[in-house]
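**Q** here is the input, now give the coordinates:
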Amino acid sequence: MNKNLLLSFFMGWLFLTSCHNKYICPECDSEKGIMIKFNWDDVDQIPDGMKVYFYNTSGELDYSFNVSSMGERINIKPGTYTIFCHNNDTEYVNWRGQSNKNTIEAYTRNATLEEDHTRLNENTQEMVVMPDYLCGQTRYSVDIPYRYSDIFIIEMIPHELVDVYTYEVLNVINAQNITKIRATLTGVSSTLFPCNPEKEKVAATIPFMGNVSHADENLIEGKMINFGFVNKDDIRNLLTVYFWSPNGNVKATFDVTKQVQNAPNPMNVLIVVEDTIQIPKEIGNDNEGFSPNIDEWKELHSDIVL
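**A** Next comes the predicted model:
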């Protein structure tokens, strides 16, 4: 072989090798071949899609993506990141402060109880809409290398980010006369800081539905989703249940703080009320009763110490 041609091949090989070692060749660029995937073993329902944030070591947002729940290829530069993901198919959960990992915050809008029954015991808390299903994960100090031989996979393992509280009122007399039920719970967090769990929580009140059990005509039950309770000495969890009936309305309030804050599983809480609640009997025939003014409430108060 011609010496000049051999020398040319040799110099070309040195050039390619030096490019590879300096990570400047296109196939070695870490902006190629990165896949984000999700492991759904820890959730009961798989969402339609996910939002993923990449925060740099200063806590500032570098990238955000909407990706399929099945996983997707993304382009990011090498570095160390805090990665947070959440499902992006919620109806009531809003987000703000996304520019920094310490301020990204889930919240819901303000709410009322349809009528103005927000004058709850000692309640100066804002009333907010119950959040819907929310799952996600925060991973800290995830290194994206400069060089890898195959597709680099970032695995996220989402879990539920919200708590579920269920309440049962066991002994409701004349429940067949109830036309509507609403409930509120005080002392739950108004927001969620998923990447900054040490952030101080602000207490709020959340309204939610209730209904007469199909299995037991004396049992009232309901379920709510929330961002967890606020653990402060001066914050109590007061469950107030509103019963509407043609012959009189009843509002019953129970201090369920111990049941909420001492629950075996804080993310799945059962609140049980054993007190007897009497709904007014029907007056007259053919529903010829009276319809009280919406402010006419028979109020009951009790401390539940289970």
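**Q** give me phi/psi at residue 202?
**A** phi -110, psi 130 (degrees, to the nearest 10).
**Q** got the contact list for the closest residue to it other than its chain neighbours?
**A** Spatially, and ignoring its direct neighbours in sequence, residue 202 is nearest to residue 190 (4.8 Å; CB to CB, 6 or more residues apart in numbering). Where you see a C-beta, it was placed from the backbone N, CA and C, and this is true even at glycine. Applying CB atoms under 8 Å, 6 or more residues apart in numbering to residue 190 gives the contacts 107, 125, 126, 128, 201, 202, 203, 204, 227.
**Q** run through the residues that contact the fourth one.
**A** Residues in contact with residue 128 (CB under 8 Å, 6+ apart) are 107, 108, 109, 110, 111, 190, 204, 205, 206.
**Q** looking at it, the last one is touching residue 185, isn't it?
**A** In this case it means residue 206. Yes: with contact defined as CB atoms under 8 Å, residue 206 reaches residue 185; the gap is 5.7 Å.
**Q** and for the two, which residues touch both?
**A** By CB under 8 Å, 6+ apart, residue 206 and residue 185 have these common neighbours: 224, 226.
**Q** returning to what we had before: tell me the pLDDT at the residue nearest to residue 202?
**A** pLDDT, residue 190: 96.
**Q** what residue is smack in the middle of the protein?
**A** With distances taken as CA atoms, centre = their mean, residue 162 lies nearest the centre of the chain, 3.6 Å away.
**Q** that one contacts residue 225, doesn't it?
**A** Yes: between residue 162 and residue 225 there is a contact under CB under 8 Å: 5.0 Å.
**Q** anything in contact with each of those two?
**A** By CB under 8 Å, 6+ apart, the residues touching both residue 162 and residue 225 are 131, 133.
**Q** where does the prediction get shaky in the stretch 151-300 of the chain?
**A** By pLDDT under 70, the weakly predicted segments of the stretch 151-300 of the chain are 283-296, 300.
**Q** which residues in it form strands?
**A** Using DSSP state E, counting those that start in this stretch, the strands of the stretch 151-300 of the chain run over 152-156, 159-160, 163-173, 180-189, 191-192, 203-209, 211-212, 220-226, 238-244, 249-255, 268-278, 297-303.
**Q** the third one to strand 268-278, inter-axis angle?
**A** Relative orientation of strand 163-173 with respect to strand 268-278: 20 degrees, computed using axes from the mean of the first three to the mean of the last three CA atoms, to 10 degrees.
**Q** buried ones in strand 163-173?
**A** 163, 165, 167, 168, 169, 170, 172 (16 or more other CB atoms under 10 Å).
**Q** next one: the first one
**A** Buried positions in strand 152-156, judged by neighbour count with 16+ other CB under 10 Å: 152, 154, 156.
**Q** partner strands of it, with direction?
**A** Strands that pair with strand 152-156, judged by DSSP bridges, come out as strand 34-38 (parallel).
**Q** on that earlier part again, so which of the contacts of residue 190 is the closest to residue 258?
**A** Nearest to residue 258 among the contacts of residue 190 is residue 203, at 16.8 Å by CB to CB.
**Q** is it true that that closest one touches residue 186?
**A** Yes: with contact defined as CB under 8 Å, residue 203 reaches residue 186; the gap is 7.0 Å.
**Q** more neighbours, these two?
**A** Higher neighbour count among residue 203 and residue 186: residue 186, with 27 against 20, using other CB atoms under 10 Å.
**Q** quick one: mean pLDDT for the helix or strand residue 50 falls within?
**A** If you go by DSSP states H and E, residue 50 is part of strand 49-55. Strand 49-55 shows a mean pLDDT of 98 in the predicted model.
**Q** then stretch 90-105?
**A** So the average pLDDT for stretch 90-105 ends up being 97.
**Q** C-alpha coordinates for that stretch, CSV please?
**A** Taking Å, rounded to 0.1, in the frame of the first residue of the first chain, the C-alpha atoms of stretch 90-105 are listed here in CSV:
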residue,chain,number,x,y,z
THR,A,90,-56.2,16.0,36.7
GLU,A,91,-59.3,18.2,36.6
TYR,A,92,-59.1,20.1,39.8
VAL,A,93,-55.4,20.2,40.7
ASN,A,94,-53.5,23.3,39.5
TRP,A,95,-49.8,24.0,39.7
ARG,A,96,-47.7,27.1,40.4
GLY,A,97,-44.1,28.0,41.2
GLN,A,98,-42.7,25.4,38.7
SER,A,99,-39.6,27.5,38.1
ASN,A,100,-37.9,26.1,41.3
LYS,A,101,-38.0,22.8,43.0
ASN,A,102,-38.6,24.4,46.4
THR,A,103,-41.6,26.4,45.2
ILE,A,104,-43.5,24.0,42.8
GLU,A,105,-46.9,23.6,44.4
